[in-house]
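# With the sequence up front, the predicted model follows.
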Amino acid sequence: MIPNDFIATLLGRVDIVQVIDRYVPLKKAGANYQACCPFHSEKTPSFTVSPVKQFYHCFGCGAHGTAVGFLMEYGGKSFPDAVEELARDAGLEVPKSERAGDKERHEAVADLGSVLLTAARFYRGNLKSSTRAIDYLKKRGLTGTIAARYGVGYAADDWQGLAATFPDYASDTLVQAGLVINGESGKRYDRFRDRVMFPIHDSRGRVIGFGGRIIDQGEPKYLNSPETPLFSKGRELYGLFLARDAIHKSGKVVVVEGYMDVVALAQHGVEYAVATLGTATTPVHAQKLFRMADTVVFCFDGDAAGRKAAWRALENTLPVLLDGKNARFLFLPDGEDPDDYIRKRGKAEFERAADAAVPLSEFLLSELAARHPLTNAEGRAAFLAAARPLIGAITAPMLGALMRRQVAEMTGLSDDELPLLRSAADAAEPVRRRLATARAHTRRPPSLTRELIKFLLLKPDLARCSDLPPATDGSLEGQAYAALVEACARFEGPLSTSGVMQSLANSDYEPVLAAALATAEDQSLTEEHAEAQFRDGVERWWLWARRDGRAAATDGAPVAGEEAQRLRQLEWIRRALPVTKPAEPSGNAH
């Protein structure tokens, strides 16, 4: 684990403006910097970077975070990798605080990484001496330059070929790395034999697994490493490490099914392609890709198997789609894969086909119509039944609304019947909105909890005040307030907005905190404002606490004079902060 205090120190050393400006050109806008948001399509800049708070926030899509968060979201880096990169820039060494067993786990993972790197070098060496493998790659149109770039190698047709590079061939680490298999007879053998080898890299470029493509006919055509502590098929994508720059530059990414397709496309200048690893596209894959590009083109064969794979990709993409992001489906002629297609027709034709790929909405509706013809009432009913859960899975509100309208038009539903397409949760939304509107008209007091959160984020040192109100509110805001106070208490050194926010990143309370910070930004509040208003808010909270205790002691006897007038002014606090009644304070808050 990386200590929170180090993260806070690191974020105090780096300049988030410089970090983001490397990837997204920023322009000065008053005290802050602005740009069109890199996380969604827009023409008017709503992406704001605050050099004071060392925090970014998009008022359009809600994206937010610290310099660490930006490298994770935009650069696709893991948390440790993002911290390591920033630490190198700041000239700091990342300390590690380890829990029981962490050292052993880290050493085991390091051993796996070392073994996989050694194997990758061994396979590359084999390729240079294998005329058969070289001829195969030349036949597929690959040059030595592109093969070297992707680290392509060859696993010889040898049951224990790796014994030549691993003297301890009996080591359990080779099994854990997925390189060898223990047979039923007790004899072990290499997993990959007589295959062109494609090393799979993580976001830092480290080898975490392999994909092997058979040279002659045989099954399986592609053989992948098994799940290991380093490698998860549902999270990783082949070629993503090398494709990242081209994806950002083009604003799109093409997803194919084979390693050879990725390398062949790159050979012909299409460098923004990646491949799934022997599994269907998962929501994690889709989310990772949409963080890097506005358009994701899923490229499949046009046969039944290809359309089935495309449908799986569609189902897993729906929950992570955002308005402004585009998923498209490119179906190639029967019998052709992307490798064949681009070799026959060239880069320009492939890119034209990708640009003309079928939008997700069109593919979804046309596929459902093919399965459930709309020629009679029964067919339309079946179509509606199949469409309802799919459209209900769409989290992008505008896209979901438009698709409901399209389905209604296709099936002849009237506006009155349109709610039939809503899920139970969707159907309840108008009721929730009406109730919320009614409450808003009858009671619109400001939330003291939200205000305290905002002031604490602007000046976290205030969390160390001795008279800080206790966190007794059970609402999400109250829980966020408690989490914020607790997070501040964990720091031993200086507190900063970015350090505290990073410590609560990915928690249930992060959206509440980010919204409060965005409001402070919108109101142009300074640390000085925050401190003054925070002190006033704390005083008002304790005044209400004393009043509540006094009222109980006097059996509700009226309070007169200036105190009564002030108590009436503060009654909104009681409504805005539905806490359990605090006891008469005898001193400092705990």
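In hand now; what should we look at?
# mind listing what's buried in stretch 402-419?
Using 16 or more other CB atoms under 10 Å as the test for burial, stretch 402-419 gives 403-404, 406-408, 410-411, 413. Using the backbone N, CA and C atoms, a C-beta is placed for each residue, glycine as well.
# For that stretch, measure first residue to last.
13 Å (CA to CA, to the nearest Å).
# same check, this time on stretch 384-404
Here stretch 384-404 reaches across 10 Å from its first residue to its last, counting by CA to CA.
# quick one: that stretch to chain centroid distance?
22 Å (CA atoms, centre = their mean, to the nearest Å).
# again, but for stretch 133-149
With CA atoms, centre = their mean as the basis, the mean position of stretch 133-149 lies at 35 Å from the chain mean.
# what mean pLDDT would you report for that stretch?
Stretch 133-149 shows a mean pLDDT of 94.
# For E417, which non-adjacent residue is spatially closest?
A408 (7.4 Å; CB to CB, 6 or more residues apart in numbering).
# Could you confirm that neighbour falls within a helix?
Yes: under DSSP: H, G, I helix; E, B strand; the rest coil, A408 falls within a helix.
# Could you shift the numbering so residue one becomes 9, and keep it that way?
From this message on, residue numbering opens at 9, which makes the last subject A416.
# show me the contacts for it.
Applying CB atoms under 8 Å, 6 or more residues apart in numbering, we find A416 in contact with 422-423, 425-426, 429.
# can you do 10 Å?
392, 422-423, 425-426, 428-429 (CB atoms under 10 Å, 6 or more residues apart in numbering).
# Filter these down to the ones in helices?
Under the assignment DSSP state H, the contacts of A416 contribute L392 to helices.
# And the contacts of A416, which is closest to K61?
Distance to K61, by CB to CB, is smallest for L429 among these, at 42.6 Å.
# Which pLDDT value goes with that closest one?
72.
# Model confidence for the closest residue in space to it that isn't next to it in sequence, exactly?
Using CB to CB, 6+ apart and skipping the chain neighbours, the partner closest in space to L429 is R412 (4.8 Å). We note a pLDDT of 92 for R412 in this prediction.
# thought R412 was touching G400?
Yes: the criterion here is CB atoms under 10 Å, and R412 meets it with G400 at 9.5 Å.
# I'd say G277 and F358 touch.
Yes: between G277 and F358 there is a contact under CB under 10 Å: 9.3 Å.
# These two - which one has more neighbours?
F358 (24 against 13; other CB atoms under 10 Å).
# name the helices or strands packed onto the strand or helix carrying that one?
F358 is part of helix 355-363 when elements are defined by DSSP states H and E. Helix 355-363 sits against strand 260-264, helix 267-275, strand 303-309, strand 334-340, helix 346-353, with contacts defined as 3 or more CB pairs under 10 Å, 6 or more residues apart in numbering; DSSP states H and E.
# please redo it, this time with the cut-off set to 8 Å
strand 334-340, helix 346-353 (3 or more CB pairs under 8 Å, 6 or more residues apart in numbering; DSSP states H and E).
# Of those, which stretch is the most buried?
Mean neighbour count, computed with mean count of other CB atoms under 10 Å, is highest for strand 334-340 among these, reaching a mean of 21.
# can you give me the helices in the stretch 109-258 of the chain?
For the stretch 109-258 of the chain, applying DSSP state H, counting those that start in this stretch gives helices covering 110-136, 139-147, 152-157, 180-184, 248-258.
# Low-confidence stretches in the stretch 9-158 of the chain?
Along the stretch 9-158 of the chain, segments meeting pLDDT under 70 span 9, 49, 104-118.
# Report the contact partners of A90.
A90 neighbours (CB under 8 Å, 6+ apart): 76-77, 79-80, 83.
# who touches L329 in this structure?
Counted by CB under 8 Å, 6+ apart, L329 has contacts 298, 335, 368, 402-404, 407.
# so of these, which ones are in helices?
298, 368, 407.
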